[in-house]
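In: Build the 3D model from these lines:
(3 chains)
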Amino acid sequence: MTAQGFLLLLELVGVFAFALDGALTAMRSTHLDLFGVVALGIVTAVGGGIVRDVLLGELPPATFRVWYYLATATGGALVAFWGHRLLARVSRPIFVFDTVGLSLFAVTGAQLAVDAGADAGQAILLGGLTAVGGGTLRDVLVRKVPSILTGGLYAVPALLGAVVAVVAPLLGVSGGLAAFAGGVLCAAVRTGGALRG
Amino acid sequence: MTAQGFLLLLELVGVFAFALDGALTAMRSTHLDLFGVVALGIVTAVGGGIVRDVLLGELPPATFRVWYYLATATGGALVAFWGHRLLARVSRPIFVFDTVGLSLFAVTGAQLAVDAGADAGQAILLGGLTAVGGGTLRDVLVRKVPSILTGGLYAVPALLGAVVAVVAPLLGVSGGLAAFAGGVLCAAVRTGGALRG
Amino acid sequence: MTAQGFLLLLELVGVFAFALDGALTAMRSTHLDLFGVVALGIVTAVGGGIVRDVLLGELPPATFRVWYYLATATGGALVAFWGHRLLARVSRPIFVFDTVGLSLFAVTGAQLAVDAGADAGQAILLGGLTAVGGGTLRDVLVRKVPSILTGGLYAVPALLGAVVAVVAPLLGVSGGLAAFAGGVLCAAVRTGGALRG
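Out: Numbers count the residues shown, from 1 in each chain, chains lettered A, B, ... in the order given. Now for the predicted structure:
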């Protein structure tokens, strides 16, 4: 698998996790039907990537150029809709899927920004923004105070993960390993913070 | 009238309908003065088109390039502010104007995306997004759960209308007729759903 | 100091004022910790400028290209977090900092749009949007009805300030003086309206 193929795979896993997260949030927060659940799953899953592509000037965003982002997002939302009893066996499923999505989007967002020509500082910020973007749209749409404001450890772990994903390759680490390490760091910091808090 | 002139006419009727819709929503939801009513009317009317142009990379958006979008939006909002007693004679006026705007924006958004070089799939998605964008901004600003989440039949009819507006011309139907048919389909599906629901 | 240096200075003062404003709002509205306060301060401070740059097609936005916007925003938010007792001695501090930010962003946003090639009408609209953008994002995130809807005199003074900042240079007035005059007009109209209302 090429480095770019691996990056795409990580990104699609992140899209799937955020779609589960958004769809489960929709089922808990309000009385939403199938269409509402799918809509919130899709917005949560692709929102961050669209914001990243707009800010990079990569237009139209990848979500509109290729079919598999929307297909993955829709699939994730439908899995959550029909399989929510099964997913409820996961301890705190929304937190888990949100953390997976956050970690994967932070590192893939940052590396995609580098590939698109951004310098290191920009790439770190865009990685962080890609990671927190979808969840923030989700919370605004269901009228919750967004996690970036209430959960101290939401943007910070995303930025830490993005730092690793961007800086480690400059020091000679392979992109795939850097993405993996950054993602694990992000997930660990967020989970550690949640367990303490 | 040229095909492009007809498209522009449909778009401006959609802008006017969404401006009425947004302004009437502002008058009902909260204690807003003239400026607030006009502001919400304008955001509802031009929001979807700005999102479409940003995603297409057509910058600055048409709303900022030519004067008649903002003029039409402001006019619609003022008509709603001063004529709301008259408009109240329409049965469920906000629903009616919202459906007109939704239907016209779905088909014009999709055809404008094709004209800007988008392929069929992108154009359908952008048409749907143009249609639901303004109303979603409106609901977020007045703190309602947006229609794309609660009303199953909001995004779906918009996407159906966009499909007709994009696919029919590929089969040899004229653009104007395709837009008309797509708009009627969107309005019919939404209204049918609302009557059943 | 060159004209562009003066414009940048005004813009950074505006960023600092909006960061104070957003951070103080975060401390009053909800139980937010340090990270939440800083996050809302940054969003309020840089949100309007990012929207302006996206609409102008100047991508990535200046906030991501150079370091001093985010540094100023973070600094302002930290000052508000640690110095809020001192800031509370200012009469109505949130209103004061919001008005300073609004006035400076209206005139700098409009003149930056002219520099980026926008015509006069576009520049005035983009100046107004730059000015109201950050505060609107702030209010949406903490779930308040935004000032552009409730406070009649929020968008109007911003547009008036932008008119002066754009039109006066066309009549031979220096850019710096025009920005100063437009900013004073915006602040005066908003303050006058608030004292009356």
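In: distance of the closest residue to A:V164 other than its chain neighbours from B:D115?
Out: Spatially, and ignoring its direct neighbours in sequence, A:V164 is nearest to A:G182 (3.5 Å; Cβ to Cβ, 6 or more residues apart in numbering or on different chains). Heads up, the C-betas are built off the backbone N, CA and C, glycines and all. Separation of A:G182 from B:D115 (Cβ to Cβ, to the nearest Å) stands at 41 Å.
In: sorry, back to before: is the residue nearest to A:V164 in a helix, a strand, or coil?
Out: Secondary structure, DSSP: H, G, I helix; E, B strand; the rest coil: A:G182 is helix.
In: follow-up on the earlier one: neighbour-wise, which of A:G182 and B:D115 wins?
Out: Between A:G182 and B:D115, counted using other Cβ atoms under 10 Å in any protein chain shown, the more crowded position is A:G182 (29 against 14).
In: Next, the contact list for the more buried one, please.
Out: Neighbour list for A:G182: A:103, A:106-107, A:110, A:160-165, A:168 [criterion: Cβ atoms under 8 Å, 6 or more residues apart in numbering or on different chains].
In: A:V51 now?
Out: Contact partners of A:V51, counting by Cβ under 8 Å, 6+ apart, are A:129-130, A:133.
In: out of those, which are inside helices?
Out: A:129-130, A:133 (DSSP state H).
In: In helices, which of the contacts of A:G182 fall?
Out: Per DSSP H, the subset of the contacts of A:G182 in helices is A:103, A:106-107, A:110, A:160-165, A:168.
In: Would you mind giving those as a markdown table with neighbour count and pLDDT added?
Out: Converted to a markdown table, these look like this (neighbours: other Cβ atoms under 10 Å in any protein chain shown; pLDDT from 0 to 100):
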| residue | neighbour count | pLDDT |
| --- | --- | --- |
| A:S103 | 29 | 96 |
| A:A106 | 36 | 96 |
| A:V107 | 33 | 96 |
| A:A110 | 35 | 96 |
| A:L160 | 20 | 96 |
| A:G161 | 34 | 96 |
| A:A162 | 31 | 96 |
| A:V163 | 21 | 96 |
| A:V164 | 25 | 97 |
| A:A165 | 32 | 96 |
| A:A168 | 18 | 95 |
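In: ok, of those, which one's closest to A:G22?
Out: A:S103 (16.3 Å; Cβ to Cβ).
In: Is the closest one in contact with A:F180, as I believe?
Out: No - here A:S103 does not reach A:F180: they are 10.0 Å apart, not a contact under Cβ atoms under 8 Å.
In: just checking, what packs against the lowest-mean-pLDDT helix or strand in chain A?
Out: Averaged element by element with mean pLDDT, DSSP states H and E, chain A has its least confident helix or strand at helix A:84-87 (a mean of 83). Secondary-structure packing of helix A:84-87 (3 or more Cβ pairs under 8 Å, 6 or more residues apart in numbering or on different chains; DSSP states H and E): helix A:3-29.
In: can you tell me the average pLDDT over the helix it packs on?
Out: On average, the pLDDT along helix A:3-29 is 91.
In: how much space between A:A39 and B:D21?
Out: For A:A39, the distance to B:D21 equals 20 Å [Cβ to Cβ].
In: How about A:E58?
Out: 33 Å.
In: Those two: who's more crowded?
Out: B:D21 (30 against 18).
In: What residues sit buried inside the least confident helix or strand of chain A?
Out: By neighbour count on 16 or more other Cβ atoms under 10 Å in any protein chain shown, the buried set for helix A:84-87 is A:84, A:87.
In: Residues of chain A that sit close to chain B?
Out: A:26, A:30-36, A:39-40, A:50, A:54, A:57, A:59-61, A:64-65, A:67, A:70, A:140-143 (Cβ under 8 Å from any Cβ of the partner chain).
In: Residue of chain A nearest chain C, please.
Out: With Cβ to the nearest Cβ as the measure, A:G57 is the residue of chain A nearest to chain C, at 3.2 Å.
In: Between the two ends of stretch A:27-34, how far is it?
Out: Terminal residues of stretch A:27-34 lie 9 Å apart, using Cα to Cα, to the nearest Å.
In: So among the residues of chain A next to chain B, which ones count as buried?
Out: For the residues of chain A next to chain B, a burial check counting by 16+ other Cβ under 10 Å picks out A:26, A:32-33, A:35-36, A:39-40, A:50, A:54, A:57, A:59-61, A:64, A:70, A:140-143.
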